[in-house]
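In: Need coordinates for the following:
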Amino acid sequence: MNKEIKSLTEAKLQWINDIKMYKAFLKSKSQTSDVKHGSSEYISMAENRIIDINQKLKEIKNES
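Out: Below you'll find the model as predicted:
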């Protein structure tokens, strides 16, 4: 279980870092509308993955 928790936590931190990076990128003014849309979609997907990871971590905690 500890390996799974560690793996999920590391993945969550990576998604959080990705979101920060993409949000910073969106603040810059050097991208096309397609790139903006793609970045926004990626952020949304990353946020959903974090929700999934949090749910899985909660399930693991409840099983303990």
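In: just for this structure, where's the confidence low?
Out: Scanning the chain for pLDDT under 70 picks out 1.
In: what's the helix or strand for the nearest residue to S39 once chain neighbours are set aside?
Out: In space, and not counting its chain neighbours, S39 is closest to Y22: 4.9 Å by C-beta to C-beta, 6 or more residues apart in numbering. Just so you know, the C-beta spots here come from the backbone N, C-alpha and C atoms, and that holds for glycine as well. Assigned by DSSP states H and E, Y22 falls within helix 2-27.
In: in that helix, what counts as buried?
Out: Within helix 2-27, the residues that count as buried by 16 or more other C-beta atoms under 10 Å are 8, 12, 15, 18-19, 22.
In: Could you provide those residues in a markdown table, with additional columns for distance to E59?
Out: Output for those, formatted as a markdown table (distance: C-beta to C-beta, whole Å):
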| residue | distance to E59 |
| --- | --- |
| L8 | 10 |
| K12 | 14 |
| W15 | 18 |
| D18 | 24 |
| I19 | 23 |
| Y22 | 28 |
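In: from these, which is closest to N2?
Out: The shortest approach to N2 among the buried residues of helix 2-27 belongs to L8, at 10.8 Å (C-beta to C-beta).
In: how much space is there between the closest residue to the closest one other than its chain neighbours and K23?
Out: If the residues on either side of it in the chain are set aside, L8 comes closest to I53, at 5.1 Å by C-beta to C-beta, 6+ apart. Shown here: I53 relative to K23, a distance of 19 Å by C-beta to C-beta, to the nearest Å.
In: re earlier: in the helix or strand following the helix holding Y22, what counts as buried?
Out: Going down the chain from helix 2-27, the next helix or strand is helix 33-63, by DSSP H and E. Of the residues in helix 33-63, those scored as buried under the neighbour-count criterion (16+ other C-beta under 10 Å) are 39, 43, 46, 49-50, 53.
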